[in-house]
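Asks: Build me a structure from this.
(2 chains)
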Number of protein chains: 2
Amino acid sequence: MTVARRGLLIILSSPSGAGKSTLAKRLRAWDDTLQFSVSATTRAPRPGEVDGKDYYFVSKDRFFAMVAEADMLEHAEVFGNHYGSPKGPVQEAIESGRDVLFDIDWQGAQQINNSSLAENVLSIFILPPSLTELHRRLVARGQDSEAVIAGRMQKSIEEIRHWAEYDYVLVNEDLERTAADLITIVRAERLRRHRQPQLVGQVRALEAQFGELI
Amino acid sequence: MTVARRGLLIILSSPSGAGKSTLAKRLRAWDDTLQFSVSATTRAPRPGEVDGKDYYFVSKDRFFAMVAEADMLEHAEVFGNHYGSPKGPVQEAIESGRDVLFDIDWQGAQQINNSSLAENVLSIFILPPSLTELHRRLVARGQDSEAVIAGRMQKSIEEIRHWAEYDYVLVNEDLERTAADLITIVRAERLRRHRQPQLVGQVRALEAQFGELI
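Replies: As a prediction, the model looks like this:
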């Protein structure tokens, strides 16, 4: 009998514009068994968004029923819409040894770190090398008022202030380097002794050999 | 001011014949700033052994004075000779941000895990895929009596029984693969948030930028 390792809940957080989505895609390209956690949301689908792929689009009633039944690993309200990570698909994936990737903010990370799946969490924070570039980009877009830009910058610095709650921190100065570091972290974490349940059988086999040889 | 990270005490343990020495050399070849912990011993030098490189050759009086002064991170007696890991060079290395590699058994690992430097320990156990090959090699040498061979096998299985006290476990089925995994582990561990003291300054700089931009 082979004992499958339990999968990891890999949490990636960062302020917007730090390269998180690209890095998540890189990780997925390296290991395509890794699955993204698809969020449930009460907001309406935008053109082109696919239910079950981009989001699970659910009613408010359904959303809060899931929260009440502890079927959400984490949830939050953003601009009047509700977002959450359904527990079912995550539980199923990690029990069959697949890792699940979460692209969530510090509030979601805190909730998952205090959930029943906390011991399988691997959390990584991506820091931007500077805020100047993010600010420059927001201004260059010319879409937003000064107040909106200030609000976005405020949200970024608030996210950054939670960097110390994560297991690993990467400063994304160079995308190639950061992607390699991210893959290195996931590879190493899978080699942790307590994440390799098959070792018990391995050692049992060595004990049996010892008994036969000596 | 740059804050250097503290170095790691990297402990490699395994039964003899599992490839540990080769793996330690591979790790060193990958990063030559990594230094081996040189043991002190009361046994006489063998031809070709260099004091301060292979061992620190010390008198029994000196050895026990070091133990009494808590200058040994770990020590043990093997066949009437004493061996130990002097703390001074290790302390100096890790305070200047260099990692130190320990090739020691489970008893030494336990002692270091209970020393004042425990929080900087990274421990890795190498398991052989089988005991048959080790036994075959001992018999093929034709040097040892059946009793001596049984004694060595006994020592191996006793070492193996402590596999569960290590942070990481690697089954050395393929040397190239195991060496790559070992390097992966060390690279990842250096990226742990609490091992990157420079991050505090990094975040402070982002806070200052935020203050200037908004």
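Asks: could you pull out the strands for chain A?
Replies: A:9-13, A:35-36, A:40-41, A:56-57, A:72-78, A:81-86, A:100-103, A:121-127, A:168-171 (DSSP state E).
Asks: and these, which is most packed in?
Replies: strand A:9-13 (a mean of 24; mean count of other C-beta atoms under 10 Å in any protein chain shown). All C-beta spots, glycine's among them, are computed from the backbone N, C-alpha and C.
Asks: Helices along chain A, start to end?
Replies: Using DSSP state H, the helices found in chain A span residues A:20-30, A:60-68, A:87-95, A:106-113, A:132-141, A:146-160, A:175-190, A:198-213.
Asks: one step back: which stretch among the strands of chain A comes nearest A:A140?
Replies: strand A:121-127 (22.0 Å; C-beta to C-beta).
Asks: So in that sheet, which strands flank the closest one, and in what orientation?
Replies: Applying DSSP bridges, strand A:121-127 is found paired with strand A:9-13 (parallel), strand A:168-171 (parallel).
Asks: how far is the shortest one from where the chain is centred?
Replies: Using C-alpha atoms, centre = their mean, to the nearest Å, we find the averaged C-alpha position of strand A:168-171 to lie 14 Å away from the chain's own average C-alpha position.
Asks: what angle separates the helix or strand bottoming out on mean pLDDT in chain A from helix B:198-213?
Replies: None of the helices or strands of chain A scores lower by mean pLDDT, DSSP states H and E than helix A:132-141, at a mean of 88. Taking axes from the mean of the first three to the mean of the last three C-alpha atoms, to 10 degrees, helix A:132-141 and helix B:198-213 form an angle of 30 degrees between their directions.
Asks: what helices or strands is helix A:132-141 leaning on?
Replies: The contact analysis (3 or more C-beta pairs under 8 Å, 6 or more residues apart in numbering or on different chains; DSSP states H and E) places helix A:132-141 against helix A:146-160, helix B:198-213.
Asks: picking that back up, is it possible to get the strands of chain A out as JSON lines so that each row also shows distance to B:N120 and mean pLDDT?
Replies: Shown next, in JSON lines, are the strands of chain A (distance: least, C-beta to C-beta, whole Å; pLDDT from 0 to 100):
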{"stretch": "strand A:9-13", "distance to B:N120": "26", "mean pLDDT": "98"}
{"stretch": "strand A:35-36", "distance to B:N120": "35", "mean pLDDT": "94"}
{"stretch": "strand A:40-41", "distance to B:N120": "43", "mean pLDDT": "96"}
{"stretch": "strand A:56-57", "distance to B:N120": "44", "mean pLDDT": "96"}
{"stretch": "strand A:72-78", "distance to B:N120": "33", "mean pLDDT": "93"}
{"stretch": "strand A:81-86", "distance to B:N120": "35", "mean pLDDT": "96"}
{"stretch": "strand A:100-103", "distance to B:N120": "30", "mean pLDDT": "96"}
{"stretch": "strand A:121-127", "distance to B:N120": "21", "mean pLDDT": "97"}
{"stretch": "strand A:168-171", "distance to B:N120": "17", "mean pLDDT": "97"}
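Asks: Lowest mean pLDDT across the helices of chain A, which one is that?
Replies: Among these, helix A:132-141 carries the lowest mean pLDDT, a mean of 88.
Asks: which residues are contacting that one?
Replies: Residues outside helix A:132-141 that contact it (C-beta atoms under 8 Å, 6 or more residues apart in numbering or on different chains): A:15-18, A:128, A:144, A:149, A:152-153, A:156, B:209, B:213.
Asks: Can you list the buried residues in that helix?
Replies: Neighbour-count burial for helix A:132-141, counted by 16 or more other C-beta atoms under 10 Å in any protein chain shown, picks out A:134-135, A:138.
Asks: Run the angle between it and helix A:146-160 for me.
Replies: 150 degrees.
Asks: Run the chain-centre distance for helix A:132-141.
Replies: On C-alpha atoms, centre = their mean, the centre of helix A:132-141 falls 26 Å from the chain's centre.
Asks: likewise stretch A:94-112?
Replies: From the chain centre to the centre of stretch A:94-112 is a distance of 4 Å (C-alpha atoms, centre = their mean).
Asks: and the end-to-end length of it?
Replies: 14 Å (C-alpha to C-alpha, to the nearest Å).
Asks: Next, the buried residues of that stretch.
Replies: Result for stretch A:94-112 [16+ other C-beta under 10 Å]: buried residues A:94, A:97-106, A:108-109, A:111-112.
Asks: Chain neighbours aside, what residue packs nearest to whichever residue of chain A sits closest to chain B?
Replies: Closest approach between chain A and chain B, counting by C-beta to the nearest C-beta: A:A188, at 3.4 Å. Leaving aside its sequence neighbours, A:A188 sits nearest to B:A188 (C-beta to C-beta, 6 or more residues apart in numbering or on different chains; 3.4 Å).
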